[in-house]
Structure formats: structure tokens, C-alpha cells
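> my questions are about this predicted structure, shown below with the sequence.
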Amino acid sequence: MEEIIKEVVIGEQEEYVINMGPQHPSTHGVLRLVVSLKGEIVKNVEPHIGYIHRGIEKMCESITYTQIIHLTDRMDYLSAMMNNEAVCLAVEKALEVEIPDRIKIIRTIMSELSRIQSHQLFWASFGMDLGGQTCFFYGLRDREKVLDIFEETTGGRMIVSYNCPGGLMYDIHPNFRKRVKEFIKYFRGVLWEYDAILTGNVIFRERSIGIGTLSLEDAISYGITGPSGRASGFSCDIRKHEPYSAYDRVQFNEVLYNEGDTYHRYLARIEEMRESMSIIDQLIDNIPEGPYFVKMKPVIKLPEGEYFQRVETARGELDVFIISDGNKNPYRVKFRSPNFVNLGVLNHITKDFKIADLIAIAGSLDFVIPDIDR
Amino acid sequence: MDKTQLGDFVKSLKPDATVIEGKQYTEVTVADTDLHSLAKKLRESEETWLDFLVCLTGVDYGDNFGVIYHLKSTKHGHMIVLKTRTSEREKPVLNSVCDIWKGAEFHEREVFDLLGVKFNNHPDLRRLFLDSSWGFPLRKDYVDDINIVSK
């Protein structure tokens, strides 16, 4: 009899390994986490990635700069606008093209709308990961309205390919201003529901406050950017530090917390939606008239050299690093994708928490797997 | 510090480093053997305090491989580009900077996976995206067997 009891508790004595994923609802894509457990306590998390590695960096070496835009949509598909913008800004910087205000302002509005819809989906799926099914429906209900605005102007809902070197693919739709204003008015009115459903929920708070704490030193050392880094007090908002497009002419706050736990990573994103709405408010009535693109050569050739462009996507810092040898194809393109770097910290912050907390912590880092794999 | 001051400071740390004042950032090229010691000094000196490894890029230059480090100081706000090249193409080896910036672990694994550059003292150097039967796709002489894109 005693021997059987010994067998039952054997998991408490030594580590055993389970696979989470590649097909697991809470990894939001094909991410496989090999988790070493001692009882219920996580001892080691080893991410296995590459299930949807497409070799975007390699493909970029054989196509032109205009074509690269369409590949960047497929990295972080929730920040497609910002990914497009990053490559465009790098190319425009290399060619020293002066971009009119109209384009800059439209790009900024589009980026902020992207940020809002990305954080809405984060809220929706994060709530669902933690057992709040309602969040998913509320989040997607509101996100649909942003996607409709995108669809009207760009023809695409997620894969937009809206920016191109020198400007925009199409002019904004005549309804654009009206619909954006309607959306902002509507979303201001319903954002309190987000707080009422999840932020103040006792079960949610119990599961997120103090879980997966990341210190400021570690956030910087691991290079954790975006809302996840700012929740640890790491001031890393490129929009503030190296303003691009129209960010130098708008007032907004960089959302910073010092706690660095799952709850504050969540809270940072909710607050960022408010900041994004205030940015759009400041710009939407000030879109000047004018052309929506600058005429560029049909085949763009960058002068020989290295060009580095930093952009703030919804998940953190996206860097595009182009090495050009003067041809129409780049010699080397590197995308420093925020999710790839943020994944590196997962093992560090989940250690000694329970396996259920792993879901909460991974959810709060808001991974988009195609951006990790590229 | 501005670009010129940064360049002068690096020169005082490593006199034989090549310093170019680039359009965007100060660009420092060092020998592969000096890389780790210089990176450690840049990280720990109060004047530079480059505590944030922004980006780590591996490049195939034909004769050898290059690795480019973009570093930023969260205290002073300046950025610097640190470059190095491996001494040979057959067995490219560099020293890992994982002990200086923890985030380098994933970056270096990526460079190892796609270019085949080995990093000494890396805690866990394995293939990242691809399995070990693949070649190194970001090398310029890589032959794509599947050949989806050929030009």
C-alpha cells in the first residue's frame, strides 16, 4: 500500500517534461513550449520555434524594395501598417526623399488605428486565455469597426500593404474622416466595459497581479520593448525618443509602470489605446490637401550603405536594417522583430510560477508567431 | 555624448579600432578577438553605459562573415554601431556577448542557425528555426533545393 502512494507522488520529486503546443489555443499560433515541471511548478520553459519560418530575410535579397513591403505584412499581421511604414521610412531616408505632411499624418493615423485594433485583439484573447469568454466577443466586436475602416481605404483588412516607398498606395476614402471620428466616439463610449469586465475582475486580478514579474534591469538586458517593457519602467517608446512621421507634432504620454507584472503589462495596453485615440483626435481634422505619393523612379536603387530605421509597432520596437550594394535588390535585410526578442525572456519570468500562470504570462507578452519566425 | 565624442572615447579604449562617423551613428570596427573586451568596456563605462542591445545582425561578406551590433544607452540616449568580422569562412567563430546582454542569446542562435557562425561561451547554441539537416540559408552560396524563387 505504501509503495503505491510513493508512486503517486513521484512527480513531486523529479522534473518531468510536457509539450505545450505547437497546436495549443493559448499560444495563438504554432509555438511549441517544452515545459519542465516539478509537480505544478514550472522549472524551465524552452521555446521551439520555426514552424512557420518562411525565410523572409532571404526572400528580400532577391526582390525589389517595393516588393518587400508585401512581405512585411506577413510578419506581425496585427501591426501590418507599422511594418510597411518601417521599410518605407528606411528607403525614403536612404534616398533623402521629402515626404509631404499629408502622407505623414495619414500614416500616423493608420498606425494608431492598427495599434488600437491590435490591443483590442490582445484584450480579447488574453481574457479568453484566463477564462473570460465574453472578452473575446466584445473585443472582436470593436475590432471589426477598425478593420472596416481599413477595408474601405486599402481594400485589405489585415494584410493591407498600404504604405509604399514615397507615400501611400491609394488616397484615403472620402468617408475616412467621418468613420474614424465615429469610431473614436464609439470606442470612447465602450472602453469602460473593458475595465468593467476584466480589469476590475477579482479572479483576473488574483491571477495576474504579482505574476511573472520582470525587473527594469532585466527588461533592458533582454531588450524587452513595447508595452511589455514599459510595464517594467523601461522607457523605450520610439515614438517619443526618435519621432518619425507625424509623432513629433502630437501630444501623448508614454505609458510607464514600475511593477512589471502580468497585470501591468495588460494595463499598459489598455492605457495605450486611450493615448492612441488622443493622437488620432489631434490629427484627424488636420489632414492637409495634396498628393498622396511622391513620384519615385519605377525601379528603386538605394545608394551603397547601411540604413537603420526604428519604428514602434503594437508589440515593441521593429528595426529594419538594410545593407545596400547599390543594386535594385538589397544585399541584406534584417528585421529586428519585437516578438522574437520578447520571447527570449519567457523562461526567465515564468520560473517558479505554476503552469497555469505560464498561460497568463505568455498571453501578457502578446506573441504573434509569424513575427517570431519570419 | 554626440557622435564625435563617442568615436573619440572608443579610440581611447581601443586605439586600433576603426571609427567612422556614419550618417546615423558612430560606426566602430574591431578585430574579432577584441570584440568581447570592447563590448564589455562600452557596457560598463559610466560615460557610454550601452546597456541595451537593440539589434544583432549577421552578414555574409563573401570572404568572411560580419556581425553588427546596434547598441543604445538608456541613460544617455546615444547609439553606436559595433562591427566585427570573422577571421575565416570555413570555421567562423566569434565570442558570445551573452554574459553582457542577456538578450543576445536568441540573436546569436539566430545568426548561428541562418549563417553558421559559432559563438564561443554561448550557453545553449543550437539550431533555432531549422533542423540540423539544413544548410545555412542566409549564406550567399546557399543553393535552394526547393527553388520557389529563382531569378
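Arrived safely, thanks for sending.
> would you point out which residue of the stretch 1-150 of chain A is nearest chain B?
Scanning the stretch 1-150 of chain A for proximity to chain B using C-beta to the nearest C-beta identifies A:G50 as nearest, at 3.4 Å. Every residue, glycine included, has its C-beta placed from N, CA and C.
> shouldn't that residue be within a strand?
No - using DSSP: H, G, I helix; E, B strand; the rest coil, the assignment for A:G50 is coil, not a strand.
> leaving out chain neighbours, which residue sits closest to it?
Nearest residue to A:G50, sequence neighbours excluded (C-beta to C-beta, 6 or more residues apart in numbering or on different chains): B:F129, at 3.4 Å.
> check contacts around A:F335.
Counting by C-beta atoms under 8 Å, 6 or more residues apart in numbering or on different chains, A:F335 touches A:I56, A:E57, A:T72, A:M75, A:L318, A:D319, A:V320, A:F321, A:R374.
> so where does the second one fall, helix or strand?
This means A:E57. helix A:56-60 (DSSP states H and E).
> and that helix, what does it pack against?
Helix A:56-60 sits against helix A:65-72, strand A:332-336, with contacts defined as 3 or more C-beta pairs under 8 Å, 6 or more residues apart in numbering or on different chains; DSSP states H and E.
> how about 10 Å then?
Packing partners of helix A:56-60 (3 or more C-beta pairs under 10 Å, 6 or more residues apart in numbering or on different chains; DSSP states H and E): helix A:65-72, strand A:332-336, helix B:104-115.
> does the last one reach chain A?
Spelled out, that is helix B:104-115. Yes - against chain A, helix B:104-115 shows contacts by C-beta under 10 Å from any C-beta of the partner chain at B:A104, B:E105, B:F106, B:H107, B:R109, B:E110, B:D113, B:L114.
> can you count the residues close to the fourth one?
Using other C-beta atoms under 10 Å in any protein chain shown, B:H107 is surrounded by 26 other residues.
> quick one: it and B:L114 touch, right?
No - between B:H107 and B:L114 there is no contact under C-beta atoms under 10 Å: 11.1 Å.
> I'd like the next helix or strand past the strand or helix carrying A:F187.
Following DSSP H and E, one finds A:F187 within helix A:176-194. Using DSSP H and E, the helix or strand that directly follows helix A:176-194 along the chain is helix A:202-208.
> and the helix or strand following that following helix, what's buried?
Going down the chain from helix A:202-208, the next helix or strand is helix A:216-222, by DSSP H and E. Using 16 or more other C-beta atoms under 10 Å in any protein chain shown as the test for burial, helix A:216-222 gives A:D218, A:A219, A:I220, A:S221, A:Y222.
> ok so, going back, ok, and what's touching the helix holding A:E57?
A:67-68, A:71-72, A:74-75, A:87, A:320, A:322, A:329-330, A:332-335, A:337, A:370, A:373-374, B:57, B:110, B:114, B:137-139, B:142, B:144, B:148-149 (C-beta atoms under 10 Å, 6 or more residues apart in numbering or on different chains).
> and for stretch A:148-161?
A:66, A:69-74, A:77-78, A:80-81, A:83-84, A:106, A:109-110, A:113-114, A:117, A:143-144, A:146-147, A:162-163, A:168-176, A:179-180, A:182-183.
> hang on, the earlier thing: could I get the residues of helix B:104-115 next to chain A as CSV with pLDDT?
Formatted as CSV, the residues of helix B:104-115 next to chain A follow (pLDDT from 0 to 100):
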residue, pLDDT
B:A104, 89
B:E105, 89
B:F106, 89
B:H107, 90
B:R109, 90
B:E110, 90
B:D113, 89
B:L114, 89
